[in-house]
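**Student:** take a look and give me a structure for this.
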Amino acid sequence: MPNSQPRASRRGFFLSASVAGAAVASASLLKTRAPAPVVEVLKPAPEKGGGYSLSAHVKQYYKTALV
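**Tutor:** The predicted structure is shown next:
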């Protein structure tokens, strides 16, 4: 009596693995959403120049620019 179950193929395995991986990736993206960005209130620029201020994004730039 021949075996009635079809033999598993590599192509089917990789197709199933890629579909499962895509499902896990999409579920993890849906689960973790970025929090709403915090809006920083900007001060009006001075009339006679000198508008430089050490803000949070400038500090972040200085951290990333260190050699």
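**Student:** contacts, neighbours, all on C-alpha from now
**Tutor:** OK.
**Student:** how much space separates Ser53 from Arg10?
**Tutor:** For Ser53, the distance to Arg10 equals 61 Å [CA to CA, to the nearest Å].
**Student:** so for the longest helix that the chain contains, what's the average pLDDT?
**Tutor:** Taking DSSP state H as the criterion, the chain has its longest helix at helix 10-31. The average pLDDT within helix 10-31 is 84.
**Student:** alpha carbons of that helix, in CSV - could you do that?
**Tutor:** Taking C-alpha atoms only, helix 10-31 is exported to CSV below (Å, rounded to 0.1, in the frame of the first residue of the first chain):
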residue,chain,number,x,y,z
ARG,A,10,11.8,22.4,0.4
ARG,A,11,9.9,24.9,-1.7
GLY,A,12,6.8,24.5,0.5
PHE,A,13,8.9,24.7,3.7
PHE,A,14,10.5,28.0,2.6
LEU,A,15,7.2,29.4,1.5
SER,A,16,5.6,28.6,4.9
ALA,A,17,8.6,30.0,6.7
SER,A,18,8.6,33.3,4.8
VAL,A,19,4.8,33.7,5.3
ALA,A,20,5.2,33.0,9.0
GLY,A,21,8.1,35.5,9.3
ALA,A,22,6.1,38.2,7.5
ALA,A,23,3.2,37.6,9.9
VAL,A,24,5.4,37.9,12.9
ALA,A,25,7.1,41.1,11.6
SER,A,26,3.8,42.7,10.8
ALA,A,27,2.3,41.8,14.2
SER,A,28,5.4,43.2,16.0
LEU,A,29,5.0,46.5,14.0
LEU,A,30,1.4,46.8,14.9
LYS,A,31,2.1,46.1,18.5
